[in-house]
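Asks: Sharing a model prediction with you, sequence too.
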Amino acid sequence: MATRIAFYGAQPYDRESFDHVNEAYGFDISYYKGHLTAESAVLAKGAGAVCVFVNDTADAATIRALKEQGVPLIALRCAGFNNVDLEAARREGIRVVRVPAYSPHAVAEHAVALMLSLNRKIHRAYWRTRDGNFALHGLMGFDMYGKTAGIIGTGKIARILIHILRGFGMEVVGYDPFPDEAFASEAGMRYVSLDELYRRSDIISLHCPLTEQTRYLIDDRAIGRMKPGVMLINTGRGGLIDTQALIEGLKQKRIGAAGLDVYEEEGDYFYEDKSDKIIDDDVLARLLSFNNVIVTSHQGFFTEEALANIAHTTLSNIRDFEAGARLANEVTGDGR
């Protein structure tokens, strides 16, 4: 009898990609549109694994509920795991696996798309010309050639982005608590302190994980140290930025533009169609009111190649667990 997977937060594109890949695995996948919570965990009764995404809840109460339903594995179909209480999972004997990388090219290219759109005001020009307005006022950009990009976190996604920006002729400086000088030499960038990165960068892009050390990395103090008019890009995790501080920075013209593919309270909105409802999140509504801010719906990963990689790795993780093999992509209580 095939192992059942309780798949939460399922969208049509999830079904398409996972059903196609599952032809080679043969799991029994039960798709649920609703998110995983302590209340919805009952749907996973008897399942060999739950498959969850970034906006599902796997806190201590939910994990206890999964334990009661006999679920031994949480399979994240994403890289981030800050929505999982790893200590509670360890305590309850539930193992956690993830997809550490699905398409770093997809996210890096989306970061560049945000930069170019904000710089050349593509989003504003699009709506103007549809309304018959072909005036150029308010659409002035700058040459990216010769400007300085500051990259915080230099993992797989960031390294691809750095190569792209170097191709534009930009100077690139980076910050990482574990600098890779060999990569820096090969890529033509250099590591600097956060203070120097803030001071020199015309564009800052965030590519670090969300931990207790990086939560609100971008706050009032950090923004105060940045070059006036800096462009800020976040395709990492919403909690890296104190959104209230960002709004103040935008109002005071300290931040010249912001491109956000993530938002710290995105769970109630992202991946859902709310077009017929009023946005009652005052902070998100304020962000959307700025004409120099682009918010996209955590879609940086969203390419055909990435979805196929996510499905393959997720189902492979579950197969390895079922077979008692080593879990190469396991996330443990020590944060690895």
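Replies: Looks like it came in fine.
Asks: Sticking with residue 132, tell me its helix or strand.
Replies: According to DSSP states H and E, residue 132 maps onto no helix or strand at all.
Asks: How about the contacts made by it?
Replies: By Cβ atoms under 8 Å, 6 or more residues apart in numbering, residue 132 lies in contact with nothing. Placement of C-beta: from N, CA and C, glycine included.
Asks: which phi and psi does it have?
Replies: phi 80, psi 10 (degrees, to the nearest 10).
Asks: Residue 172 in helix, strand or coil?
Replies: strand (DSSP: H, G, I helix; E, B strand; the rest coil).
Asks: For the spatially closest residue to it that is not a sequence neighbour, give its distance to residue 170.
Replies: Closest residue to residue 172 apart from its sequence neighbours, by Cβ to Cβ, 6 or more residues apart in numbering: residue 189 at 3.9 Å. Here residue 189 is placed at a distance of 9 Å from residue 170 (Cβ to Cβ, to the nearest Å).
Asks: Pick out whichever of those two has more residues nearby.
Replies: More neighbours surround residue 189 than the other of residue 189 and residue 170, with 23 against 20 (other Cβ atoms under 10 Å).
Asks: where along the stretch 51-200 of the chain do the strands fall?
Replies: 73-76, 95-97, 148-152, 171-175, 190-191 (DSSP state E, counting those that start in this stretch).
Asks: What strands flank the last one, and is each parallel or antiparallel?
Replies: What that stands for is strand 190-191. strand 171-175 (parallel) (DSSP bridges).
Asks: ok and the partner strand relative to strand 148-152, angle-wise?
Replies: Relative orientation of strand 171-175 and strand 148-152, computed by axes from the mean of the first three to the mean of the last three Cα atoms, to 10 degrees: 20 degrees.
Asks: what sits up against strand 171-175?
Replies: For strand 171-175, contacts defined as Cβ under 8 Å, 6+ apart pick out 146-154, 158, 162, 165-166, 184, 187-194, 196-197, 200-201.
Asks: so what's the residue nearest to residue 172 up against?
Replies: By Cβ under 8 Å, 6+ apart, residue 189 lies in contact with 151, 162, 166, 171, 172, 173, 174.
Asks: And for residue 197?
Replies: Going by Cβ under 8 Å, 6+ apart, residue 197 touches 150, 152, 173, 174, 175, 204.
Asks: Leaving out sequence neighbours, find the closest residue to it.
Replies: Excluding the flanking residues, the one nearest residue 197 by Cβ to Cβ, 6+ apart is residue 150, at 4.0 Å.
Asks: The one you found touches residue 207, doesn't it?
Replies: No: with contact defined as Cβ atoms under 8 Å, residue 150 does not reach residue 207; the gap is 10.9 Å.
Asks: now the stretch 1-150 of the chain, which segments are flagged as low pLDDT?
Replies: By pLDDT under 70, the stretch 1-150 of the chain has no low-scoring segment.
Asks: how about the helices of the stretch 101-250 of the chain, start to end?
Replies: Counting by DSSP state H, counting those that start in this stretch, residue ranges of the helices within the stretch 101-250 of the chain are 104-119, 122-130, 156-167, 181-187, 194-200, 220-224, 243-251.
Asks: got the buried residues for the fifth one?
Replies: Looking back up the chat, that one is helix 194-200. 197, 198, 199, 200 (16 or more other Cβ atoms under 10 Å).
Asks: pull the longest helix from the protein.
Replies: If you go by DSSP state H, the chain has its longest helix at helix 304-323.
Asks: roughly how far apart are the residue nearest the centre of the chain and residue 214?
Replies: What sits nearest the mean C-alpha location of the chain, by Cα atoms, centre = their mean, is residue 236, with 4.1 Å. According to Cβ to Cβ, residue 236 stands 9 Å off from residue 214.
Asks: Are there residues contacting both of those two? Which ones?
Replies: Listed as contacting both residue 236 and residue 214 by Cβ under 8 Å, 6+ apart are residue 208.
Asks: about what we covered before: let me have the helices of the stretch 101-250 of the chain in TSV, extended by distance to residue 316.
Replies: Output for the helices of the stretch 101-250 of the chain, formatted as TSV (distance: least, Cβ to Cβ, whole Å):
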stretch	distance to residue 316
helix 104-119	18
helix 122-130	38
helix 156-167	19
helix 181-187	28
helix 194-200	37
helix 220-224	39
helix 243-251	36
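Asks: out of the ones you listed, nearest to residue 88?
Replies: Residue 88 sits nearest to helix 243-251 of all the helices of the stretch 101-250 of the chain, at 27.3 Å, using Cβ to Cβ.
Asks: what comes into contact with that closest one?
Replies: Residues outside helix 243-251 that contact it (Cβ under 8 Å, 6+ apart) are 216, 218-220, 222-223, 232, 255, 258, 263-265, 283, 286-287, 290, 292-293.
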